[in-house]
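S.K.: Have a look; sequence and predicted model below, questions after that.
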Amino acid sequence: TATVHTCTPGAFSVVRRCVKLCTGQEYAAKIINTKKLSARDHQKLEREARICRLLKHSNIVRLHDSISEEGFHYLLFDLVTGGELFEDIVAREYYSEADASHCIQQILEAVLHCHQSGVVHRDLKPENLLLASKCKNAAVKLADFGLAIEVQGDQQAWFGFAGTPGYLSPEVLRKEAYGKPVDIWACGVILYILLVGYPPFWDEDQHKLYQQIKAGAYDFPSPEWDSVTPEAKNLINQMLTINPAKRITAQEALKHPWVSQRSTVASMMHRQETVECLKKFNARRKLKRHCEIQITKTTAHSPFCLPPPLSPSRWLACFFSLLMIHVCVQSSVWCV
């Protein structure tokens with residue numbers, strides 16, 4: 001077997017390429033070491049497998065099989081080889097507002113299918129947006145349902161604090177009842193980034209970041225937003241509406257003129273500044289992820305035991321990862 005794409009390697013899992021011998025079909029196998037899982041983690045694994053079995057859509061990484069053997073659990077998914085959507089965008093020679101519209105349309109199609117199936121993803125972010133292959137115009141695939149939950153209809157309840165800081169909705173941060181609208185908020189953040197290459201909410205201090213989100217404190221600064229059509233800004237405003245009851249739904253967003261009438265409404269102008277900013281945004285995400293992986297590796301032990309001491313080289317790796325992230329933040333990674 002050969003290791004394939006892993007968004008954020010877990011403490012007890014790895015993703016590898018596998019082949020079904022009778023057909024030659026390739027899959028991505030997520031292999032979980034269940035010997036190290038707590039009872040609660042076992043429940044989460046069962047929930048993830050149950051949810052993934054529900055979802056069958058061209059814009060969602062599909063689960064084909066779930067196999068348990070002594071000490072290990074195997075989840076067999078579509079093998080997606082195109083890498084992350086955001087990494088592909090910066091490698092393109094041409095990228096326009098219309099391209100961003102096409103991207104968000106596919107993401108919304110996936111989200112709509114989730115919501116119609118009674119599933120809330122809860123962790124929509126660039127790392128979970130993959131491409132089916134390296135071919136031009138390959139389909140966007142939504143991945144990683146590790147934090148997803150099942151809901152009844154438009155049920156709103158407190159399901160716990162879950163997600164990634166910059167993509168959390170105001171209602172989650174206020175610890176209020178929430179449901180499907182949290183995914184639309186995250187889509188709004190993603191769309192904002194797709195258009196200018198930096199996020200609507202940002203602060204090095206997480207408390208200040210959360211205050212911005214709860215207040216809905218974002219804007220469309222000049223000059224980078226001057227060339228973005230009013231229709232695109234209107235859709236973002238409807239997605240980033242503080243009150244979840246008034247927030248646009250996935251179905252409504254797909255009918256928005258900027259999405260449904262893309263060829264006549266969205267601008268076709270190449271957005272070079274967006275690509276440049278997105279390169280810096282991607283670089284910062286990579287550094288942060290590398291640091292998180294180093295930390296995960298050193299803490300993948302029983303919560304009742306101290307991890308073994310790191311070797312000098314591992315300590316240096318962690319230190320320089322943290323240092324580089326700090327330097328990136330201090331150097332104003334966002335193009336504003």
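M.R.: Noted; the coordinates are in hand.
S.K.: hey, let's count contacts and neighbours off CA atoms from now on
M.R.: OK.
S.K.: Helices of the stretch 201-336 of the chain, start to end?
M.R.: Assigned by DSSP state H, counting those that start in this stretch, the helices in the stretch 201-336 of the chain fall at 206-215, 230-239, 250-254, 257-260, 262-265, 272-299, 312-330.
S.K.: quick one: contacts of the third one?
M.R.: By that I understand helix 250-254. The contact list for helix 250-254, computed with CA atoms under 8 Å, 6 or more residues apart in numbering, reads 105, 108-109, 111-112, 184, 235, 259-260.
S.K.: Identify, from those, the entry nearest to residue 166.
M.R.: Using CA to CA, residue 184 comes nearest to residue 166 of the contacts of helix 250-254, at 13.6 Å.
S.K.: Neighbours of the nearest residue to the closest one once chain neighbours are set aside, how many?
M.R.: In space, and not counting its chain neighbours, residue 184 is closest to residue 239: 5.9 Å by CA to CA, 6 or more residues apart in numbering. Residues near residue 239, counting by other CA atoms under 10 Å, number 26.
S.K.: If you average pLDDT over each of the helices of the stretch 201-336 of the chain, which is lowest?
M.R.: Among the helices of the stretch 201-336 of the chain, helix 312-330 has the lowest mean pLDDT, at a mean of 46.
S.K.: Now do the same contact list for the spatially closest residue to residue 231 that is not a sequence neighbour.
M.R.: Leaving out its chain neighbours, the residue that sits closest to residue 231 by CA to CA, 6+ apart is residue 258, at 5.7 Å. Applying CA under 8 Å, 6+ apart to residue 258 gives the contacts 101, 231-232, 235, 265-266.
S.K.: let's see it at 6 Å
M.R.: 231, 265-266 (CA atoms under 6 Å, 6 or more residues apart in numbering).
S.K.: out of those, who has the most neighbours?
M.R.: When neighbours are counted by other CA under 10 Å, residue 266 leads the contacts of residue 258 with 24 neighbours.
S.K.: Helix, strand or coil: sort out the nearest residue to that residue once chain neighbours are set aside for me.
M.R.: Once flanking residues are discounted, residue 266 sits nearest to residue 98: 5.0 Å by CA to CA, 6+ apart. Assigned with DSSP: H, G, I helix; E, B strand; the rest coil, residue 98 falls in the helix class.
S.K.: Just list the residues touching residue 98, thanks.
M.R.: Counted by CA under 6 Å, 6+ apart, residue 98 has contacts 266-268.
S.K.: Let me have these in TSV, adding distance to residue 155 and pLDDT as columns.
M.R.: What follows is those, written out as TSV (distance: CA to CA, whole Å; pLDDT from 0 to 100):
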residue	distance to residue 155	pLDDT
266	34	95
267	37	94
268	39	94
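S.K.: nearest to residue 165, of the contacts of helix 250-254?
M.R.: If you rank the contacts of helix 250-254 by distance to residue 165 using CA to CA, residue 184 comes first, at 15.2 Å.
S.K.: Which of the three states applies to that closest one?
M.R.: Under three-state DSSP, residue 184 comes out as helix.
S.K.: Can you get me a residue count around it?
M.R.: Neighbours of residue 184 under the rule other CA under 10 Å: 27.
S.K.: Next: residue 155.
M.R.: For residue 155, using other CA under 10 Å, the count is 12.
S.K.: so where is the stretch 1-150 of the chain shaky, pLDDT-wise?
M.R.: Within the stretch 1-150 of the chain, the segments meeting pLDDT under 70 span 1-12.
S.K.: All the helices of it, residue numbers only.
M.R.: Ranges of helices in the stretch 1-150 of the chain, per DSSP H, counting those that start in this stretch, are 39-54, 85-91, 97-116.
S.K.: by contact count, what packs against the shortest one?
M.R.: Going back to what we said before, that points to helix 85-91. Under the contact criterion of 3 or more CA pairs under 6 Å, 6 or more residues apart in numbering; DSSP states H and E, helix 85-91 touches strand 129-131.
S.K.: Kindly recompute the last result at 10 Å.
M.R.: Where contact means 3 or more CA pairs under 10 Å, 6 or more residues apart in numbering; DSSP states H and E, helix 85-91 is packed against helix 97-116, strand 129-131, helix 181-196, helix 272-299.
S.K.: Nearest to residue 122, out of these?
M.R.: When the helices and strands packed on helix 85-91 are compared by CA to CA, helix 181-196 sits nearest residue 122, at 6.0 Å.
S.K.: how close does residue 205 sit to residue 192?
M.R.: Per CA to CA, to the nearest Å, residue 205 is found 21 Å from residue 192.
S.K.: These two - which one has more neighbours?
M.R.: Per other CA under 10 Å, whichever of residue 205 and residue 192 has more neighbours is residue 192, with 23 against 8.
S.K.: Could you report the separation of that one from residue 186?
M.R.: Counting by CA to CA - residue 192 and residue 186 are separated by 10 Å.
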